[in-house]
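**Q** requesting a structural model of the entry that follows:
(chains A and B)
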Amino acid sequence: MTTQLETPRRTRPSARRARPSLGKVLAWTALIGFVLVTLFPFYWMLRTALSNGAALATDPGSLAPVDFTWGAFERVLGIATTGEAQAEGGSGASLDFWGYLLNSVIVATSITLGQVFFGALAAYAFARLQWPGRNGVFFLFLLALMVPPIFTQLPNFLLMRDLGLVNTYAGIILPFFFMTPFAIFFLRQFFLGISSEIEEAARLDGASNLRIFFRIILPMSTGPLATLAILQYIQAWNEYFWPLLVGSDNSVRVLTVALGVFRSQTPQGAPDWAGLMAAALLAALPILILFVIFSRKIVNSIGFSGIK
Amino acid sequence: MATVLLPEATPSTPAQPTASARSNRRRATRRQTWTALAFIAPSLLGFVVFYFWPTLRGIYLSFTDFDVFTDPVWVGLDNYTRLFGDETFWNSARVTVQYVLINITLQTILALALAVLIHRVTQSTFLRSVVVAPYLVANVVVALVWFWMLDYQIGIVNQGIEWLGGNAIAFFGDESWAIPTIALVNTWRHVGYTALLIFAGLQMIPKEVYEAARTEGANEWKMFWKITVPLLRPVLALVLVITMIGSFQVFDTVAVTTSGGPADATRVVQYYIFDLAFQRLDFGYASAVSVMLLLVLAVIAFIQLRLTRANESDLN
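**A** Predicted coordinates for the structure are as follows:
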């Protein structure tokens, strides 16, 4: 995948616009290739979800949906009867999509609210307040970023079991609720960049630290706070391992876990691909919508802190 | 989503406080300490309960025999000696390293190419949004889509291979194909995101450097090797470490597609830990294996800290 961007030396710059160079053409071809490979699986999800599951094998190479039907979506959403579902290749296994969707929304929203609020408080204390032990605690939080989730999640599972929180919303939410190192670093970085003169002025006017934080700092930071909230929401929505451990019960099952279960329920020999793709697409849809609305924010938030 | 996303560099660091501000600050320090403690309390609680304590407990459990239902029994180093003779563990370590090597090599080369293309051809936000889209979709969804597309019988990829005259490949069913396949699937998910990380690094290279090189007659190929690669090296090193730490923790894709099979060919370390703890209820031994994983990742993290020491100035 080496793409040469040969741009031959030019003596007449005006020629550049008139005829695209070979390098430009190659570069654009490569870019379009990347985009196609990126987008094709999304299209294929849609194409399969709109196909009749029972007829998929008759024309597996067709680029258009095979025997177009909304049936797959209907059986995932529980609108289709068992008979209808089985006629189109469904297993007849029920999928409480709306219930799982609600669970995902409850879990992701709670986690996001907690992380952004508590993260902002902590980030402000690290960025703007003077207190003994600040660097030590910050270093500890940095270390927390290095510990792989699997390592803490086994003991965390035991803790949740001891607290009787397995298969409750609290059990799924709590470990992420109070602190995630990333949220703190993200906001700290932004708070460090705010000019301290504003705070000093407010302080001279007798404003308390609390007042400065809620009345000056937070309103100034709505942009980064929103970006962080979106990023954390997506992350919480996509989380699989932890909710699989503590939230496998039907009543609190989130969409990712439900998809895994749905997949293992479909018969090994003839999986209900149309149903699976419809479910996968629906599970990803909220995030895709969020992304379409906030793509600029999300894309621009990906970068580095402090690398020179 | 295992890799770390870091915020964009803020344009300015706070100005040094003036002398009067400094004395003000000293007076306010005591009051600030109480406020700070109140501000930090929830995070500290979360840290102690869900990061610090479980880390200690995990290390403790690795020295015990623990089936979850009865109290853990101290067994000293038994779990670790068992680990050295455990062929399944060594197999999982091999499989994981193989996965990481394929995943990271491919992903980094493709991401670098993509980042340079975006940087030199078009910086359109739309294009950047498109390539990062797979990263925002859950692993489970990505795994399912590719499991379907790579299906042996009627998957579109095998349809294409047969149409071109080749033989269908059992991507997830063949022992030698399974790990490269999972590595490729996750490469698809991460390449755009990695490219944007590298792109952020590229944007820090001053434009004048390229302009100067061009007036001296350098072509793009030459500029890539003489300017981009050397100036990008620290960023690339950091990207490698971040993506590698994430890569070592591969689980979701395996759990949804192969469940460790065929014949342990995709039983990666994290899946093995999961299997030991929750299927065989051997929590003590599972903890010992995760201590090993922690150690490996600590070594990588240590290298990361060494590489990024130069910008720890924020930590004053």
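**Q** pretty sure B:Tyr99 contacts B:Gly246?
**A** No - B:Tyr99 sits out of contact with B:Gly246 when judged by Cβ atoms under 8 Å, with a separation of 11.8 Å. Bear in mind the C-beta positions are built from the backbone N, C-alpha and C, glycine included.
**Q** who has more neighbours out of those two?
**A** Per other Cβ atoms under 10 Å in any protein chain shown, whichever of B:Tyr99 and B:Gly246 has more neighbours is B:Tyr99, with 24 against 20.
**Q** please see if the helix or strand where the more buried one lies touches chain A.
**A** For B:Tyr99, the element it lies in under DSSP states H and E is helix B:87-120. Yes - against chain A, helix B:87-120 shows contacts by Cβ under 8 Å from any Cβ of the partner chain at B:Ile109, B:Leu110, B:Ala113, B:Leu114, B:Val116, B:Leu117, B:Ile118, B:Arg120.
**Q** pull out the buried positions in that helix.
**A** B:89, B:92-93, B:95-96, B:98-100, B:102-104, B:106-108, B:110-120 (16 or more other Cβ atoms under 10 Å in any protein chain shown).
**Q** show the average pLDDT along that helix.
**A** Per-residue pLDDT over helix B:87-120 has a mean of 94.
**Q** next: stretch B:260-271.
**A** 90.
**Q** export it as CSV, just CAs?
**A** Provided in CSV are the C-alpha atoms of stretch B:260-271 (Å, rounded to 0.1, in the frame of the first residue of the first chain):
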residue,chain,number,x,y,z
GLY,B,260,-11.4,-19.1,21.0
GLY,B,261,-11.6,-21.8,18.3
PRO,B,262,-10.9,-23.6,16.1
ALA,B,263,-8.8,-25.8,18.3
ASP,B,264,-7.6,-22.8,20.5
ALA,B,265,-6.3,-21.0,17.4
THR,B,266,-7.9,-17.8,18.6
ARG,B,267,-7.8,-18.3,22.3
VAL,B,268,-6.1,-15.0,23.0
VAL,B,269,-4.9,-14.2,26.6
GLN,B,270,-7.9,-12.1,27.6
TYR,B,271,-10.3,-14.7,26.3
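**Q** does the helix holding B:Tyr99 pack against any helices or strands, and if so which?
**A** helix A:22-49, helix B:125-136, helix B:175-202, helix B:229-248, helix B:269-274 (3 or more Cβ pairs under 8 Å, 6 or more residues apart in numbering or on different chains; DSSP states H and E).
**Q** could you export those helices to a markdown table, including columns for distance to A:Phe185?
**A** Rendered in a markdown table, the data for the helices and strands packed on helix B:87-120 read as follows (distance: least, Cβ to Cβ, whole Å):
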| stretch | distance to A:Phe185 |
| --- | --- |
| helix A:22-49 | 29 |
| helix B:125-136 | 19 |
| helix B:175-202 | 15 |
| helix B:229-248 | 13 |
| helix B:269-274 | 24 |
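**Q** among these, which is the most enclosed?
**A** helix B:269-274 (a mean of 25; mean count of other Cβ atoms under 10 Å in any protein chain shown).
**Q** which secondary structure elements does it contact?
**A** Using 3+ Cβ pairs under 8 Å, 6+ apart: helix B:269-274 touches helix A:149-162, helix B:87-120, helix B:252-257, helix B:283-308.
**Q** redo the ones you listed as a markdown table? Include distance to B:Ile59.
**A** Shown next, in a markdown table, are the helices and strands packed on helix B:269-274 (distance: least, Cβ to Cβ, whole Å):
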| stretch | distance to B:Ile59 |
| --- | --- |
| helix A:149-162 | 9 |
| helix B:87-120 | 18 |
| helix B:252-257 | 25 |
| helix B:283-308 | 6 |
